[in-house]
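**Q** sequence plus predicted model, see below.
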Amino acid sequence: MNSRFVTTALLLTASLALAPTASHAATPNGCEVVVSSEVVDAEGGRMTVASYRPADNFLSGVYDANTPLTLKEDGAPIRGIICARNDLVPTEKDYAMLATGIPLSLSQNFDSADSDILTVYFRAGAFTHKYTSDYPMSPEFETAVQTQLADFSHRDHGLINPK
C-alpha cells in the first residue's frame, strides 16, 4: 500500500478525532474558529487539516471596538466559525461575525450525527445558507432564516463578491 496514502489517512483520522469537543462550553457563546493548515509528511505528501480553536480572540475583535480584529489564529487563516446552541436562526449578534466575511455554522451539537447544522455565508451579493439535517426545515424556521438573512444582506457590511 502507498505510504503517502497511509500517512494521509492517519492524519485525517487524527484530525477527526480532535474535532470539536467539550471546549464549546468554555468559549464565549459556545463558539470556536476553524483554521486550516497544511501538513507535509517525510515523503513530501501534503494534505490540508482543519482544526478547531477557542474563538476568544476572534470574538473579542468582533465585539470590542478596542480590540483589533484578527482573521488568523496561531498564524493560520480562520476558515469558519462554529457555534453550538439550540436555536439556529441567526441573531443580531451573529451579524457582527458574518460581516467579517467568514462563514458561520450553527448546530445544537456538532459532535452528534443527528444534530442539524445551518451554515451562513456571503455569496452573489447576499447572505445565504445551507441546511444539513435528516429532516427538512419547517416553513416557520425557513421563513425566520430567510427574513433574517435578507435583513443582514441589505445592511452596509462592506462585503463584496469577487468577480
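**A** Thanks, I have it.
**Q** so what's the backbone phi/psi at Tyr121?
**A** Backbone torsions of Tyr121, given as degrees, to the nearest 10, read phi -150, psi 170.
**Q** so what's it closest to, chain neighbours aside?
**A** Using Cβ to Cβ, 6 or more residues apart in numbering and skipping residues adjacent in sequence, the residue nearest Tyr121 is Pro103, 4.0 Å away. No exception for glycine: its C-beta is placed from N, CA and C like everyone else's.
**Q** any idea how many residues pack against that neighbour?
**A** Neighbours of Pro103 under the rule other Cβ atoms under 10 Å: 21.
**Q** what about the protein, any weak spots by pLDDT?
**A** For the chain, the stretches flagged by pLDDT under 70 are 1-29, 160-163.
**Q** ok, which stretches of it are strands?
**A** 31-40, 46-54, 72-73, 76-84, 104-107, 117-123, 126-132 (DSSP state E).
**Q** right, so those: which one is the most enclosed?
**A** Mean neighbour count (mean count of other Cβ atoms under 10 Å) peaks for strand 104-107 among the strands of the chain, with a mean of 22.
**Q** check which helices and strands that one sits against.
**A** For strand 104-107, the elements it packs on are strand 76-84, helix 92-98, strand 117-123, judged by 3 or more Cβ pairs under 8 Å, 6 or more residues apart in numbering; DSSP states H and E.
**Q** list the contacts of that strand.
**A** 80-85, 88, 90, 94, 97-98, 115-121 (Cβ atoms under 8 Å, 6 or more residues apart in numbering).
**Q** one more: stretch 135-152?
**A** Stretch 135-152 has contacts (Cβ under 8 Å, 6+ apart) with 88-91, 95, 98, 116, 118, 120, 126-129, 131.
**Q** show me what contacts Val62?
**A** Shown in contact with Val62 (Cβ under 8 Å, 6+ apart): Leu69, Ala96, Met97, Thr100.
**Q** distance check, Val39 against Arg53.
**A** Here Val39 is placed at a distance of 16 Å from Arg53 (Cβ to Cβ, to the nearest Å).
**Q** one step back: looking at the strands of the chain, which is nearest to Ser60?
**A** For Ser60, the closest of the strands of the chain is strand 46-54, at 10.9 Å, according to Cβ to Cβ.
**Q** how near is the closest residue to Cys83 other than its chain neighbours to Pro54?
**A** Excluding its sequence neighbours, the residue lying closest to Cys83 (Cβ to Cβ, 6+ apart) is Cys31, at 4.1 Å. Going from Cys31 to Pro54 by Cβ to Cβ gives 8 Å.
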